[in-house]
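In: Let me see the structure of the following:
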Amino acid sequence: MQELPLNLPEGSRKEVMSYLEPFMLNEMSEYLKPVDEMWQPADFLPDASRDTFFDEIRDLQESARELPYDLVAVLVGDTITEEALPTYESWLTMVEDVEKNEQGGWMRWVRAWTAEENRHGDLLNKYLYLSGRIDMRQFEISTQYLIKDGFDIGTGADPYRNFIYTSFQELATNVSHRRVAGLSKKNGDKLLAKMCGVIAADEARHAKAYMSFVSHALVVDPSEVMIAFEDMMRKKIVMPAQFLRESGEPQGEAFAHFSDAAQRLNIYTAIDYVDILKELNADWKIDQVSGLNEKGEKARDYLMRLPDRLLRLADRMKIPEKEYKFKWIYDQK
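Out: Sure thing, here's the model as predicted:
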């Protein structure tokens, strides 16, 4: 790639994104798999062409019946989050200072990432439908609301904040799917465990890609990237389903109950938030970044102290113990 001077002047993101373009094109295959070699939802779901189709559905429903209520609630929330993919794709295409050529590095990455992510919602949606435990109309209303309402994640159209957010969010999604997989297996649903396991693996690959984008940007524009990272952490990384709601309920109310369920089951907690911050600090070698200006140094100091501060706050958090009854989930007979 072309060489760029360190400590570029403010407003130099366009130069940095041009610098990253060849990387996105040439190394995309490291983080994305060939379509024909990837798993597809049909690999895991009952096959309607087989004589055993109804037996397979019966087995699926028997396993799903044993899942704890909170686990089903988290699975539904995770699925709706995945189904809101149109919001995330449109947000990624609005990033400024990138070449919007359809065959350029950024647009090709966005399309390929979207194509991989699209399989997640497809798979989990079909599982929920077949499980017999979900009021699919209520589920679909919440999904439509979430896409309609969008999100407000604090990145604006800035590419640095975008990459930092997606690095964090992909790691968080990996944690959630991985923990759901583990609890599903523990409760006897091996099929769901496999589904969430392969989705978690995708999220881990995607996280590495966005983290790599940030690593490359830190080399050539360290102060501005560090300041962007500090800004995102001061605002706090909010989840993309922050506006999740149920039919007739206020915006964001269902998300609060979904988050409580995830914390009760230790699927995604305040401690995980801190652990992800630590992982990003370590991966990006925040303590070793050179060439920082005064603002960049102050941002670095804040980021290095932040995990301990957040851990103290996490220790004082109180999670509601009582399960919330979602409209999405049928009462067990």
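
In: buried stuff in stretch 293-306?
Out: 296, 299-300, 302-303, 306 (16 or more other Cβ atoms under 10 Å). Heads up, the C-betas are built off the backbone N, CA and C, glycines and all.

In: make that stretch 24-36, sorry
Out: 24, 31-32.

In: End to end on that stretch, go ahead and measure it.
Out: 21 Å (Cα to Cα, to the nearest Å).

In: centre of the chain versus it, how much separation?
Out: 19 Å (Cα atoms, centre = their mean, to the nearest Å).

In: pLDDT on it, on average?
Out: Mean pLDDT, stretch 24-36: 86.

In: Pick out whichever of the buried residues of stretch 24-36 sits closest to E99.
Out: When those are compared for distance to E99 (Cβ to Cβ), M24 wins out at 10.0 Å.

In: Could you check what's spatially nearest to that closest one, not counting adjacent residues?
Out: G105 (3.2 Å; Cβ to Cβ, 6 or more residues apart in numbering).

In: these two touch, right, the one you found and Y19?
Out: No: counting by Cβ atoms under 8 Å, G105 sits too far from Y19 to count as a contact (10.6 Å).

In: List the buried residues of stretch 246-260.
Out: So, applying 16+ other Cβ under 10 Å, buried residues of stretch 246-260: 246, 254-255, 257-260.

In: okay, how far is it across it, tip to tip?
Out: End residues of stretch 246-260 are separated by 16 Å (Cα to Cα).

In: cool, and stretch 178-195?
Out: First-to-last residue span, stretch 178-195, Cα to Cα: 10 Å.

In: got a list of contacts for that stretch?
Out: 44, 60, 63-64, 66-68, 71, 74-75, 78, 123-124, 127, 196-197, 200, 265-268 (Cβ atoms under 8 Å, 6 or more residues apart in numbering).

In: Buried subset of those as a ChimeraX selection?
Out: Per 16+ other Cβ under 10 Å, the buried members of the contacts of stretch 178-195 correspond to this ChimeraX selection:
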select :44,60,63,64,67,71,74,75,78,123,124,127,196,197,200,265,267,268
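
In: Just put the buried residues of stretch 246-260 in a markdown table and tack on distance to G182 and pLDDT.
Out: Formatted as a markdown table, the buried residues of stretch 246-260 follow (distance: Cβ to Cβ, whole Å; pLDDT from 0 to 100):
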| residue | distance to G182 | pLDDT |
| --- | --- | --- |
| E246 | 27 | 97 |
| A254 | 24 | 96 |
| F255 | 23 | 96 |
| H257 | 22 | 95 |
| F258 | 19 | 96 |
| S259 | 19 | 95 |
| D260 | 20 | 95 |
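
In: D158: which of the residues you listed is nearest?
Out: Taking the buried residues of stretch 246-260 together and measuring to D158 by Cβ to Cβ, the closest member is F255, at 24.5 Å.

In: how much space between L60 and E66?
Out: Applying Cβ to Cβ, to the nearest Å, the value for L60 to E66 is 12 Å.

In: go on, Y88?
Out: Y88 is 32 Å from E66, where distance means Cβ to Cβ.

In: before we move on, the earlier item: state the pLDDT value of the residue nearest to M24.
Out: Reported pLDDT for G105: 81.

In: list the contacts for it?
Out: 20-25, 28, 99.

In: Apply 7 Å and report the result again.
Out: Counting by Cβ atoms under 7 Å, 6 or more residues apart in numbering, G105 touches 21-22, 24-25.

In: Likewise for W113?
Out: Listed by Cβ under 7 Å, 6+ apart, the contact partners of W113 are H206.

In: Now do the helices for the chain: every range, in order, please.
Out: 13-26, 53-65, 69-83, 85-93, 105-131, 136-149, 159-186, 190-220, 222-235, 253-264, 270-283, 294-315 (DSSP state H).

In: Which among these is found nearest to K327?
Out: Nearest of those (Cβ to Cβ): helix 136-149, 4.4 Å.

In: Check what pLDDT the residue in the chain sticking out farthest from the centre gets.
Out: Ranked by distance from the centre of the chain (Cα atoms, centre = their mean), the top residue is D51, with 37.6 Å. At D51, the pLDDT value in this model is 97.
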